[in-house]
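>>> sequence and predicted structure are below.
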Amino acid sequence: MYKDLSMEQLEELRKELMHEHENYKAQGLKLNMARGKPSPDQLKLSEAMLKDDLGDCLAADGTDCRNYGVLDGIPEAKELLRPMLGVAMDEIIVGGNSSLQLMYDTIMMSMLFGVPGGGKPWGKNEKVKFLCPAPGYDRHFAICQSIGIEMITVPYLEDGPDMDMVEKLVSEDEEIKGIWCVPMYSNPTGISYSDKVVKRFAALKPKADDFRIYWDNAYCIHHLCDDHDVVLNILDECKKNGKENMVLMFASTSKVSFPGAGIACIGASKENIDYIKSKMTYQTIGFDKLNQLRHVRFFKDFNGMTEHMKLHRAIIAPKFDIVINTLNREIAPHAIGGWHTPKGGYFVSFTGFDGTAKRIVELCKDAGVVLTGAGATYPYGKDPHDNNIRIAPTFPSESELQKAMDIFCSSVKLATAEKMLGL
């Protein structure tokens, strides 16, 4: 273990690792693990969808999908997606290709018009604040930052966000209007919320009567093993407490079919859905119904989607094995980092020594491996401990990924040795 080494031994180790680093640099590699993108092999899985003949382009109820109308999505598209969120037909809107857009739009509606059962529009308040469990999803934080919503970091525990902190903050501060959540295989930790955490969310007693839980269920069917995680239905739990308006849920087929041409949905109470539709009608006459129909014809039903995800799993599960096995082999014996082994999702979250993340990312870049920027998993891009790095294994080939992980582990060792030497 590094902690058992003398300063002289650490210095000798640093020199060896620096020599190894220079050898990697000399190879002129260009490997990218910056974002959670499906690989070309994954994209090929859905190519047949693009070749399907939609025939008369009619939905089951006779709607001509080539024409205007049907603001909230064709019925069969609702039927296809609603099991992702566990909602009824009148509790879902099927939108365009991006769940992130739906999140942004609903926040902007709240800023401009308020929410059902709430008071004045969020934007009329002197301040609007969101709780941000971290490490978390950088694009969630970017939405808040772009609008001027103040972000408050909440730490992750082994079964989800620190609920003691969440409960205390929302009960005391009426300026807190929402919280970001990725409940299943969280980005980037890979942690899924426990039943206890979900029940505590559903039982929150916010001081603000217009508080909303933004429940981004992005990875709800993205399992890597048979013994996968299961997360309680947050809307059902909220209904038990008479708080069904408190949660807005989101999902999409972005990593099921095509990231740039999937279909997304929002699930919520009927009152919330009716309200969102009343505002959305000024924004669009209807989303891309041909794409909705294309997805329905390709997958047939929700079971068809879950079977399709097994094809994705066959491609990406070995890549996660490469990441975890390499970390276990190269890092674990030295006790210089930690990580959670996820049962699904798209990321592995690595936590190194305090003050090393930026240096690790820098060393990797020097050697030709691009990672998500250090700090990106925290609000305002500021990791208070400078120790967290998001690893995205899906896009590179297995051979490229192994090389990238070798470089990553070498960089972790070098940055740690430097830190311990005070360099």
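Great, that's in hand.

>>> for the residue nearest to Gly338 when sequence neighbours are not counted, list each beta-bridge partner.
Closest residue in space to Gly338, ignoring its immediate chain neighbours: Thr351 at 4.7 Å, by C-beta to C-beta, 6 or more residues apart in numbering. Using the backbone N, CA and C atoms, a C-beta is placed for each residue, glycine as well. Thr351 has these beta-bridge partners by DSSP bridges: Gly338, Asn388.

>>> which pLDDT value belongs to Thr351?
Looking at Thr351, its pLDDT is 97.

>>> how many neighbours does it have?
17 (other C-beta atoms under 10 Å).

>>> and the one 10 residues further on, by the same measure?
The tally of other residues near Val361 (other C-beta under 10 Å) stands at 23.

>>> next, the contact list for it, please.
Listed by C-beta atoms under 8 Å, 6 or more residues apart in numbering, the contact set of Val361 reads Leu371, Gly373, Ala374, Ile389.

>>> sorry, back to before: the residue nearest to Gly338 against His340, yeah?
No: using C-beta atoms under 8 Å, Thr351 and His340 do not qualify as a contacting pair, with a distance of 9.2 Å.

>>> what's the separation between the residue nearest to Gly338 and Pro161?
From Thr351 over to Pro161 the distance is 16 Å, taken as C-beta to C-beta, to the nearest Å.

>>> out of the contacts of Val361, which are inside helices?
Among the contacts of Val361, no member falls in helices (DSSP state H).

>>> now list the buried members of those.
The neighbour count (16 or more other C-beta atoms under 10 Å) marks Leu371, Gly373, Ala374, Ile389 as buried among those.

>>> now, the most widely separated pair of those?
Gly373 and Ile389 (9.2 Å; C-beta to C-beta).

>>> so where do the helices sit in this protein?
Remark: helices assigned in the chain by DSSP H are 7-26, 40-44, 47-51, 75-85, 99-113, 138-147, 163-172, 195-202, 234-240, 270-280, 289-299, 302-330, 357-366, 398-421.

>>> residues contacting the closest residue to Glu244 other than its chain neighbours?
Leaving out its chain neighbours, the residue that sits closest to Glu244 by C-beta to C-beta, 6+ apart is Ser269, at 4.0 Å. Contacts of Ser269 were listed using C-beta under 8 Å, 6+ apart, and they are Glu91, Leu235, Lys239, Glu244, Asn245, Val247.

>>> I'd assumed Val87 was in contact with the second one.
Yes: taking contacts as C-beta under 8 Å, Leu235 lies within contact range of Val87: 6.3 Å.

>>> got the domain ranges for the protein?
Structurally, the chain divides into domains by automatic domain parsing as follows: 2-33+306-421, 60-300.

>>> now do the end-to-end distance for stretch 156-176.
Stretch 156-176 stretches 19 Å from its first residue to its last (C-alpha to C-alpha, to the nearest Å).

>>> joint contacts of Leu235 and Val87?
Shared contacts of Leu235 and Val87, counting by C-beta under 8 Å, 6+ apart, come down to Met249, Gly267, Ala268.

>>> list only buried entries from the residues you listed.
Here, 16+ other C-beta under 10 Å leaves Met249, Gly267, Ala268 buried among these.

>>> restricted to strands, list the residues you listed.
Among these, DSSP state E puts Met249, Gly267 in strands.

>>> give me the neighbour count for the closest residue to Lys3 other than its chain neighbours.
Leaving aside its sequence neighbours, Lys3 sits nearest to Ala335 (C-beta to C-beta, 6+ apart; 6.8 Å). For Ala335, the neighbour count with other C-beta under 10 Å is 12.

>>> contacting residues around Ala335?
Contacts for Ala335 (C-beta under 8 Å, 6+ apart) come out as Met1, Tyr2, Lys3.

>>> which of the residues you listed has the most neighbours?
Counting neighbours by other C-beta under 10 Å, Tyr2 leads the contacts of Ala335 with 17 neighbours.

>>> picking that back up, which among the helices of the chain is found nearest to Ala208?
Of all the helices of the chain, the one in closest proximity to Ala208, counting by C-beta to C-beta, is helix 163-172 (7.4 Å).

>>> so what touches the closest one?
With contacts defined as C-beta under 8 Å, 6+ apart, helix 163-172 is touched by 131, 152, 154-155, 176, 179, 197, 200-201, 204-208, 211.

>>> which of those residues are buried?
The neighbour count (16+ other C-beta under 10 Å) marks Leu131, Ile152, Val154, Ile176, Ile179, Val197, Arg200, Phe201, Leu204, Pro206, Ala208, Phe211 as buried among these.

>>> picking up where we left off before, which among the contacts of Ser269 gets closest to Gly304?
Within these, proximity to Gly304 (C-beta to C-beta) peaks at Glu91, which comes in at 21.9 Å.

>>> residues in contact with that closest one?
Applying C-beta under 8 Å, 6+ apart, the residues near Glu91 are Arg82, Leu235, Gly267, Ala268, Ser269, Lys270, Ile273.

>>> recalculate using a threshold of 10 Å.
Counting by C-beta atoms under 10 Å, 6 or more residues apart in numbering, Glu91 touches 78, 82, 85, 235, 244, 249, 266-273.

>>> thinking again about what came up before, make TSV out of the buried ones among the contacts of Val361 and add pLDDT.
Converted to TSV, those look like this (pLDDT from 0 to 100):
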residue	pLDDT
Leu371	96
Gly373	94
Ala374	95
Ile389	97
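
>>> keep only those of these that are in strands.
Residues of the buried ones among the contacts of Val361 located in strands (DSSP E): Leu371, Ile389.

>>> so for the residue most central in space within the chain, what's the pLDDT?
For the chain, the residue nearest the mean C-alpha position is Asn187 (4.0 Å; C-alpha atoms, centre = their mean). pLDDT recorded at Asn187 is 96.

>>> I appreciate the help and will end here.
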